[in-house]
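Visitor: Here is my input; please provide its structure:
(chains A and B)
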Protein chains: 2
Amino acid sequence: MRRNLDGLLFPRSVAVVGASATPGKVGHALFANVVNFPGPVYAVNPKHTEIMGKPCVPTVSDLPEPVDLAVIVIPAEGVVEVLRECGEKGIKNAVVISAGFKECGVEGAKREQELVRVAEEYGLNVVGPNVLGIISTRVGLNATFAPRGALPGHIAFVSQSGAFCTSVLDWAWKERLGFSHFVSLGNKAVLNECDFLLAFAEDPETRVIVAYLEGIQDGPRFMEIAREVTREKPIVVLKAGRAEAGARAVSSHTGTMAGADHAYDAAFRQCGVIRARTVEELFDFAYILSRQPLPKGRRIGIVTNAGGAGVMAADAAEWEGLTVAQLSPKTVRELAEKVPKEAAIHNPVDVVGHATLEQYQAAVDLVLADPNVDLGVALSAPHPILRFSDLARVVAQAQKRTGKPMSVSFMAGDLGEEAQEILRDAGIPSFFDPARAVRSLAVLAKYAGIRQRPKGEPERFSVDREKARRVLAEARSKGRVRLGLEGAEILSAYGIPFARGGLARTAEEAGRIAEEIGKTVALKIVSPDITHKTEVGGVRLNVAPKDAAAVAWELLRACKTRFPEAVIDGVYVQEMLPPGREVILGMVRDPTFGPLLMFGLGGIYVEVLRDVAFAVAPLSRAEAEELVDLIRGKKLLYGVRGQPAVDVKGLVDVILRVSQMVTENPEILELDLNPILCYPERVVAVDVRLTVAEEEK
Amino acid sequence: MRRNLDGLLFPRSVAVVGASATPGKVGHALFANVVNFPGPVYAVNPKHTEIMGKPCVPTVSDLPEPVDLAVIVIPAEGVVEVLRECGEKGIKNAVVISAGFKECGVEGAKREQELVRVAEEYGLNVVGPNVLGIISTRVGLNATFAPRGALPGHIAFVSQSGAFCTSVLDWAWKERLGFSHFVSLGNKAVLNECDFLLAFAEDPETRVIVAYLEGIQDGPRFMEIAREVTREKPIVVLKAGRAEAGARAVSSHTGTMAGADHAYDAAFRQCGVIRARTVEELFDFAYILSRQPLPKGRRIGIVTNAGGAGVMAADAAEWEGLTVAQLSPKTVRELAEKVPKEAAIHNPVDVVGHATLEQYQAAVDLVLADPNVDLGVALSAPHPILRFSDLARVVAQAQKRTGKPMSVSFMAGDLGEEAQEILRDAGIPSFFDPARAVRSLAVLAKYAGIRQRPKGEPERFSVDREKARRVLAEARSKGRVRLGLEGAEILSAYGIPFARGGLARTAEEAGRIAEEIGKTVALKIVSPDITHKTEVGGVRLNVAPKDAAAVAWELLRACKTRFPEAVIDGVYVQEMLPPGREVILGMVRDPTFGPLLMFGLGGIYVEVLRDVAFAVAPLSRAEAEELVDLIRGKKLLYGVRGQPAVDVKGLVDVILRVSQMVTENPEILELDLNPILCYPERVVAVDVRLTVAEEEK
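Guide: Numbering: from 1, shown residues only, chains lettered A, B, ... in the order given. This is a model prediction of the structure:
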C-alpha cells in the first residue's frame, strides 16, 4: 500500500496533544520546538487556554480545524482514545511520542494492538509510538523533544532508535550536517521504514535516504521498494545486530551456513542498498552522496603537496576498489611545465612542499580536467605560506567547473573557519585522514554502479506446478517432513536436471530400472529414518545393470537387519555419473526476507573454506549470474589450468528454476541440492534433501 | 650497532647553525622554537653576536662548549663542512634540517655520501638530512621549524615524511595528544628507524612507539630489534605504499604470488609490530596503548543507556575479534536489583534512557568488576538529566578502581570541556562512533597477545651444508641458474624428504634405477631448456620397472626430435606416490627482508583461491606452525570429513629445513617445492624448481 504522507511530512497546521507549560516535562520541551513552526499551532490541554502564546483547547474535538498533524505526548493509557478523537475530527496524521506500548510487556502490547486497530479504522498515518518525533526542515517543523533541531539539507534520516536520533541531531549540529527529514520510527506500529522510503523517494529536496535499523518489518516489501528507489536515489543503511545469534533450528547443510546477517547482506546488495558498517561510514557516505555529483567511472586523480599523503591516498584507492588514473600524455606534459621541477607529475601528482598556490591550482585543474580522471582528491599538509582557505577555493572551483566529484584531506588540526566554510558551501567533504577522503569518494562510484545495474524481472519458466504440489501435499499428508531422493520428482516438475533414476520398492524393480537406464548405476537406500545413508552403508556404487537386483536385495536386507525399526521405502536406482565440478545449491527461509538461496562449490569448498554466496529469491537472470560470480573459486567454473569451462548458462538456469520453485512453494522450508555435477555441456543434480512444513492441523 | 643517542634525545645544550634573525626564514622559525629550551642555547651565524637574546658565534669552532646537539639549517653546500667542524669540536649529535641531498639528483646524492663519510669518521649521530627536526618534550626541546610544538606524553613518533610531521603536530595539538619524542627521519643517511626503536625502548617516558614509514632500510635488523622491543613496548606502524607495483622479474610460482606488501605484513606479524592501515587507526591505537593498561583477555563488557549503541558495540566487538563477555550470575543478580526494571541486564547491559546517574554508575561498576570481563566500553546518548561530565567521572573511577582498560562513546556533538578533560586525565579514549571505541580496545587485547607470544629461536638442523654448496657451485659454474629435479640433491643435503629417484643419463640407466626403486615409477625429462615438462609431453607416469628402459628411450627420442636444440641431461626416474594432500612451499628474496617463504595448499587452492601465507625466514618452530595455521584451508591438513590429519609435525619440519636452507644459501634466489604430498604418516616433496644467482664475474 502506498500511503499519502504529505500531511505528515509537509503539514500546514499542527496540534500538540499534551503540550505542557511546565518546564522539565517532555510535553513542554516538545511544544517549545513546535511553536517555531510558521503555520497554525495549537496546544491541546484541558488545564490551559494558551501555552507559549499559542491557543490551547481542552480536547482534540475542540480544535478549530482538522489539523494536518497531531503530535501526541500524553500518558500511554489515553493515547488510543485521543487517536480515535483525531480520526473523528478528520485528522489524518499523528506522531505518538508516548512510551508504554509493545516495548513494555503484555499490557503495552495489547494497547499497541488497539492503537493499530483505531489507525486502520480511520486510515491514520501514525508514527511511533515511543519516538523522539519528526523533523521536516522544509516546512520548518521540529516535532521532537530533542534539545537540538536539524539544519536544512538533503539527507532524509529514519532511525529505529530514539536515543540514536538525539545523538545524531547533537552531532550533526556540530558538524553542520543538514537534513530534509528526520524521523524516529519507534515501535513501527503503523508506519515503518518502507512507507518513508516511498515518501522520500518522491521528495525533491531529499537526495539521499539514510536509515539506522535494528530490523526490517516486511522484508519482501522493503526489497521491492528499495529496488526501485535506489535507481533514483541512494539508500544507505546501518543495520545493527550483525552479531545476533541465530536461534533457528536447522536441518540442512545450507541452514548451518546461513545466518540472518547473510540475508540482510544479500537483500541489500540485490536491491542496491549501500550498507554502512559504522556510524562514521553512515554519515560520511550520506554527506558525499547528498552533496557531490556521481562520477562516470572509478579512476581517481590525486593531487598533493605532501608525498606521504599521496601514497596513503593511492593505498586507500586500491583497497576501496578505485583505480589510480593514468593521466593522459597531454596532462603530464602540461604539468611538467607548470609545477616545480622536483614534482611527481604522474598520478599521484605531488607538487612538493614549496609549490605556490598557482602551481597547486594548476595541478588540481589539469588533473581534474583530464578525460582519464573520473573523481579527484586534493591533499595538503600545513604550509608556511599557502593558506588552506585558498586551497579550498581552488578545489571548489575545479570541482564546480568540471562537475567531477572531489573530496579533500588537508592534514591539519584546524582548517580555519574560512576554509571549512568554503568546502561546506561547495559540499566537498574534508577529513584529516586521506584514507577516509578516498573511502567517501569510493561510495559515489559504488552508487553510480548501482544506478546502472541491469534491471531484470524474476525469470519464470513454464513448469508442472501441479505435479510439484501433488508430491508435496502427499508427503505432508503422510507427515513426511524430510524428503530425500523421493523429492526428485518435485525437481523434475520444475525442469531441474537430475541424474536418471527411480525408486524401486523391490529388488526386482531395482533390476528393471537399472536395465532401463542401461549403464552402471548407484543404489541408494530410501528411508525417512536413515538420513546419512552413505555413512551407514546404505549406498552401493558402480553396479552393473545385470547385478542390480541382487545388490539391491542385499542392500535392503542389510538395512533391515541394521535398522529393524526403520521405515524403508525402497532403493533408489540412479545412473552413475562421471566426475565433474561439484557445486551445492540450497535454500532456507529467512524470517525477514523469505527464501534465501545459498550457492557454493561443493564438498570441502563449502565445509572448510566457506566459499559460498547468498541471494534472496526470486532472482532475475542477472542476479543468478551474480550469485555464481560472488564465490571466490568461480574460476573453477569458468575454466582454469587448461580445464574447459562448465555449462555456466545451464547452472544459472538451475539456479533460476530453483528460485522459482522455492518462491512458488512456500511449504518447502529447506533445500539442499548437493552435489550438482557441472560438466562443459550440462549440469545435473545428483542428490537432494528437502524439508517441508508440517501440515497445518 | 647500538648507538648512544642520549645526547641527541636528551641534550643538555644546543647550538643552531644557521639560526636567523630574519622572520620568514626557516632558520628563524627553528631558532624561535629552540630558544625555549631550558639549557644553554647558542646561535651560529657570522652576521650576529646575539639572536633572540641568545649568544651567537661566527662558527662552530667558536662555541664556548662542545654542545650535546647541533641543529644545522644552512644551505646544503655548507653542511658537510659544518659537520666536520662539529666532529672536530667534539660534538656528537646533529640534526640536518637542510634539503638538497639524495632527494635532489646526482649531485645531492654525492653530497649525502660525503655527509655519511664525515659522520662515520667522527662517529656522529646525524638525523636527516632533509627533515622537519626533532622534539623531546622531557627536556623541553623543540628543534623543528613547525609552527606548533608537541605536548608532553608517552608516545614516541618517527616519520619518514616531514610534511606528515607537520600535519600530526598540528592535529595533535588540537586533540591534546602528547609525545615523549617526535623525530622526522628524512633521508635516513645515518640514523634510521632502527636506531630510534632501540633508543625509545629504553626511554621510561615512552610507552608506545609509533612510526610512519614508506620503506625500511635494513629489514633483518628491523625485525631483530622489533622482535625484542615489542615484548616490552608496543610498536604501531603505518607503512604506506601498499599499492606499489612489484617491478621484480620472477620466474617461480611463489614469485608471481608474493608482493612487497606480503613481506611487510609477514615481517610485522612475526616481530609483533601492529600495522595500522590509516592515520586514524595509527593514532587511535597509539593513544590507547599509551594510556590504558593491558587486559588479561578478550572479553568485553558493554554498558549503555541507549540500546542502539550497545548493539553497535557488540557488532564491532565481533568483527574486531573480541568476545561479548558472559556476565557472572552474581553480577546479573546485583544488576537486576540496581537498574530500572526495563533494563537489559545481560551483556550488553542497557540501563535504558531514563536511568539515573546512580543506576548508570552501578551498572558500570558491576560489569567492570565482573571476573568474566577483561575490558569495558561505556556508551551514552545525550540525556535530558544526566551530564556527560558525571558519566565521565563514573567511568574514570571504575577504570581506576579495577585497573581494567576502558573506552567511551558518548554519542553527542560536544561532550563539554569538562567531560573531555576528565576522560583525558584518565587516559580514556572517547569517540562518537561506538565501533571506533571498541576497535581501540581491541588493539590492547591484540598487543597483550603479542607480549605473551612464545619466544623461539630459528630451529637449526644438522645438515650436509657442504654438499648443498657443492651442488649449487657446480650449477653456477656451468651457468645453470634454473634447476629442476637435479636440484633434489640440495634438498636431500638439508634432510628434506623427496620422492625416491635419480637422474639417468641413458635409457639403460633409467631401467637400472627403476629396478632399484622396485615399484611403479614416473619418468621425467631433465633439461634446462624444457621448463614445462608436463605440457610438452616430457613426462611418463605409472611405468613398471621392467618397462622403464624402453619408455625412457622413447621419451628421450621424442624430446630430441621435438626440441633438437635443447640440452637434455637425461631422464629423472622417480617412484610413483599415491595421492595425498598437495601443498606448495616456496621462497623468493624480498629486497627489504630477504628470504620470504610462501606456504599454501597446492593446485587450485593457490591458483584460484590464493589461499597462501607468507613468513620471513629463518623461522622458529612456533612461526612455522603459525604459517600452516594462517591458511584458510588448514582444516584439510588437520583432518576433516572423516579424513585423518596429515603429518603436520613432519610438514613443519620441512618448512623449518627449507627455512634453514634458504637462509644459509643466499645464492638460492627462488624456490618452489610443488607439490609436497602430505600423508598421515609422512610428507614428501615430489617436484622442485630452484633459481640460483648467476656466478659473479
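Visitor: For the rest of this, base every contact and every neighbour count on C-alpha atoms.
Guide: Noted.
Visitor: Moving C-terminal from the lowest-mean-pLDDT helix or strand in chain A, which element do we reach first?
Guide: Lowest on mean pLDDT, DSSP states H and E among the helices and strands of chain A sits helix A:253-257, with a mean of 69. Following helix A:253-257 in sequence order, the next helix or strand is helix A:260-270 (DSSP states H and E).
Visitor: So A:E626 lies in a helix, does it not?
Guide: Yes: counting by DSSP: H, G, I helix; E, B strand; the rest coil, A:E626 is part of a helix.
Visitor: Please report the distance of the residue of the stretch 451-600 of chain A found nearest chain B from B:A156.
Guide: Closest approach between the stretch 451-600 of chain A and chain B, counting by Cα to the nearest Cα: A:E535, at 10.1 Å. Distance, A:E535 to B:A156, using Cα to Cα, to the nearest Å: 61 Å.
Visitor: between these two, who's got more neighbours?
Guide: More crowded of A:E535 and B:A156, by other Cα atoms under 10 Å in any protein chain shown: B:A156, with 28 against 9.
Visitor: The more buried one is in contact with B:S184, isn't it?
Guide: No: applying Cα atoms under 8 Å, one finds B:A156 not in contact with B:S184, separated by 11.3 Å.
Visitor: so A:P384 is in which element?
Guide: Using DSSP H and E, no helix or strand contains A:P384.
Visitor: Give me the phi and psi for it.
Guide: phi -60, psi -30 (degrees, to the nearest 10).
Visitor: For it, give its distance to A:I91.
Guide: 63 Å.
Visitor: Give me the domain ranges for chain A.
Guide: Here the domain parsing of chain A from automatic domain parsing is A:6-244+A:253-288, A:292-452, A:464-499+A:577-697, A:500-572.
Visitor: Run the chain-centre distance for the first one.
Guide: So that's domain A:6-244+A:253-288. Here domain A:6-244+A:253-288 is found 21 Å from its chain centre; the criterion is Cα atoms, centre = their mean, to the nearest Å.
Visitor: cool, stretch A:230-246 as well?
Guide: 5 Å.
Visitor: Show me which residues of it are buried.
Guide: Within stretch A:230-246, the residues scored as buried using 16 or more other Cα atoms under 10 Å in any protein chain shown are A:230-231, A:233-243.
Visitor: What of stretch A:377-391?
Guide: So, applying 16+ other Cα under 10 Å, buried residues of stretch A:377-391: A:V377, A:A378, A:L379, A:S380, A:A381, A:P382, A:H383, A:L386, A:F388, A:S389, A:L391.
Visitor: what's next to it, contact-wise?
Guide: Stretch A:377-391 is contacted from outside by A:300-306, A:309-310, A:353, A:356-357, A:360-361, A:364, A:395, A:406-412, A:415-416, A:418-420, A:422, A:434, A:437-438, B:163-164, B:166-167, B:170, using Cα atoms under 8 Å, 6 or more residues apart in numbering or on different chains.
Visitor: Mark which of those residues are part of helices, please.
Guide: A:309-310, A:357, A:360-361, A:364, A:395, A:418-420, A:422, A:434, A:437-438, B:163-164, B:166-167, B:170 (DSSP state H).
Visitor: Just the buried ones from the residues you listed?
Guide: Among those, those buried by neighbour count (16+ other Cα under 10 Å) are A:309-310, A:360-361, A:364, A:395, A:419-420, A:422, A:434, A:437-438, B:163-164, B:166-167, B:170.
Visitor: Let me know how buried the residue in the stretch 101-250 of chain A positioned nearest to chain B is, in neighbour terms.
Guide: Residue nearest to chain B within the stretch 101-250 of chain A (Cα to the nearest Cα): A:W171, separated by 3.5 Å. By other Cα under 10 Å, the residues close to A:W171 number 20.
Visitor: Check the one 5 residues further on too.
Guide: The burial count assigned to A:R176 is 14, neighbours taken as other Cα under 10 Å.
Visitor: For the stretch 401-550 of chain A, which segments count as strands?
Guide: Applying DSSP state E, counting those that start in this stretch to the stretch 401-550 of chain A gives strands spanning A:406-410, A:482-483, A:501-504, A:521-526, A:539-543.
Visitor: With only the CA atoms kept, save the first one in PDB.
Guide: The C-alpha atoms that make up strand A:406-410 are tabulated as PDB, following Å, rounded to 0.1, in the frame of the first residue of the first chain:
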ATOM      1  CA  MET A 406      36.000  15.700  -5.100                       C
ATOM      2  CA  SER A 407      37.000  15.200  -1.500                       C
ATOM      3  CA  VAL A 408      39.800  16.800   0.500                       C
ATOM      4  CA  SER A 409      42.300  15.900   3.100                       C
ATOM      5  CA  PHE A 410      44.000  19.000   4.500                       C
END
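Visitor: Mind giving me the packing neighbours of that strand?
Guide: strand A:375-380, helix A:388-402, helix A:434-452 (3 or more Cα pairs under 8 Å, 6 or more residues apart in numbering or on different chains; DSSP states H and E).
Visitor: name the helices or strands packed onto the helix or strand A:V158 falls within?
Guide: In this assignment (DSSP H and E), A:V158 forms part of strand A:151-159. If you count contacts as 3+ Cα pairs under 8 Å, 6+ apart, strand A:151-159 packs onto strand A:178-184, helix A:193-201, strand A:208-213, helix A:279-291.
Visitor: Go through the next helix or strand after the shortest one and flag the buried ones.
Guide: Beyond strand A:208-213 in the direction of the C-terminus, DSSP H and E gives the next helix or strand as helix A:219-229. Within helix A:219-229, the residues that qualify as buried are A:G219, A:P220, A:F222, A:M223, A:I225, A:A226, A:R227, A:E228, A:V229, counting by 16+ other Cα under 10 Å.
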